[in-house]
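J.: Quick one: sequence plus predicted model below, questions after.
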Amino acid sequence: MAVLTQGTWVVVADGEKALFLRNDMDAQNPNLNVVSIDEQENPSDYEQSANRPGRMNDNGPGQKSALDDTDWHQLAKDRFASDIADKLYKLAHKGKFDRLVLVASPNTLGEVRKSLHKEVTDKIVAELDKDLTNHPLDKLEQLLHKELDGDTVH
């Protein structure tokens, strides 16, 4: 069965940008149109960290161990993935889509999955663990058609 049928929503995301798209044609000639775009500012961890990593006294005399500092950049990416899942739940609950394809970088896809509600997971027809957020829509349509509805179904 074709994945990119008319009306199927496609979410293409990474840790800082999410494209919410809808296929307005059929699987043979996908025509993805932007429903919305979510982006977040996420400077590098170095720019977000205020302190150098801390140190902790060990049991031995004069011994100290380094403590890892919080990776604020990664935390922001994880929070953004959770926000995507929340938005998908609200849209699914309003009946905005019946079929959903998730396309995201492997880490983002994993984080989004952790936060998805059953109402959304029941509508997922395919997942693709690739970072395609910076592709133009026409290239994205070609890639998704090839990956999902072409000869190489995953």
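T.: Cool, the structure landed. Numbering: from 1, shown residues only.

J.: Please, where are all the strands along the chain?
T.: Counting by DSSP state E, the chain forms strands over residues 9-13, 17-23, 32-39, 55-57, 64-66, 100-104, 124-128, given from the N-terminal end onward.

J.: now the spatially closest residue to residue 149 that is not a sequence neighbour: how far from residue 104?
T.: Counting by Cβ to Cβ, 6 or more residues apart in numbering, residue 27 is the residue found nearest to residue 149 once chain neighbours are left out, at 4.5 Å. For glycine as for every other residue, the C-beta is placed from the backbone atoms N, C-alpha and C. As for residue 27, its distance to residue 104 is 21 Å (criterion: Cβ to Cβ, to the nearest Å).

J.: again with residue 114
T.: 12 Å.

J.: who's more crowded, these two?
T.: Comparing residue 114 with residue 104 by other Cβ atoms under 10 Å, the one with more neighbours is residue 104, at 26 against 11.

J.: Skipping adjacent residues, who's closest to the more buried one in space?
T.: Spatial nearest neighbour of residue 104, excluding adjacent residues (Cβ to Cβ, 6+ apart): residue 13 at 4.4 Å.
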